[in-house]
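Trainee: starting from these lines, generate the structure:
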Amino acid sequence: MKFHLSTAALGAALVFAATVPVGAQGTGGSPGHMSKKPAMMMAGPHQVTVALKALNGSGESGKAVLKDTAGGLSVMLTLTGGPAGVAQPAHIHKGTCAKLDPKPEYPLTSVVGGVSKTTVPGVTIATLLASPNAINVHKSAKAIPTYVSCGDIAAMKHGSM
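Mentor: Numbering: from 1, shown residues only. Next comes the predicted model:
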């Protein structure tokens, strides 16, 4: 009799646990303790680091750190080997560094002194990973056709970002 009662109690507990809303877990299981804020689920990574490789003998290389934020996609570019005091336009383009669409998809703040920080509203890492995209940096506003650095935006393998 005790065995049947224990089994029934265990079964009831499992059924109850399976029906408790996710937001209530860890709060004693009471739906009254659920957060009033809806849970935000983001597919994909929340941060990606893109290696920026030197092009056209520029010697300019570095990285771009992309992060999903409430205000949009945060893009932080850090380059070494560039000219001092020269603003170098930067963009996100459709395609890859090997086959880049010359029309910029998203403009970024120009790199000055090796640094650029931009927030692109309404864009996420998942948006950029859905199709090939790349970040490129130009020599200067006057020499816009000359790319000095480029990196393909892609998710890292094995889950490490």
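Trainee: is it true that residue 131 touches residue 94?
Mentor: Yes. When contacts are counted by C-beta atoms under 8 Å, residue 131 is listed as touching residue 94 (7.0 Å). All C-beta atoms are positioned from the backbone trio N, CA, C, and that covers glycine.
Trainee: I'd say residue 136 and residue 149 touch.
Mentor: Yes. With contact taken as C-beta under 8 Å, residue 136 and residue 149 are classed as touching, separated by 6.8 Å.
Trainee: neighbour-wise, which of those two wins?
Mentor: For the pair residue 136 and residue 149, the greater number of neighbours falls to residue 149 (30 against 22), based on other C-beta atoms under 10 Å.
Trainee: so who does that one touch?
Mentor: In this structure, residue 149 makes contact with 52-55, 58, 60-62, 79, 136-137, judged by C-beta atoms under 8 Å, 6 or more residues apart in numbering.
Trainee: need these in a markdown table with distance to residue 90, secondary structure and pLDDT, can you?
Mentor: Written out in a markdown table, the entries for these read as follows (distance: C-beta to C-beta, whole Å; DSSP: H, G, I helix; E, B strand; the rest coil; pLDDT from 0 to 100):
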| residue | distance to residue 90 | secondary structure | pLDDT |
| --- | --- | --- | --- |
| 52 | 9 | strand | 97 |
| 53 | 14 | strand | 98 |
| 54 | 14 | strand | 97 |
| 55 | 13 | coil | 96 |
| 58 | 13 | coil | 95 |
| 60 | 11 | coil | 97 |
| 61 | 14 | strand | 97 |
| 62 | 11 | strand | 97 |
| 79 | 9 | strand | 97 |
| 136 | 7 | strand | 96 |
| 137 | 5 | strand | 97 |
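Trainee: from those residues, which would you call buried?
Mentor: Among the contacts of residue 149, those classed as buried by neighbour count (16 or more other C-beta atoms under 10 Å) are 52, 54-55, 58, 60-62, 79, 136-137.
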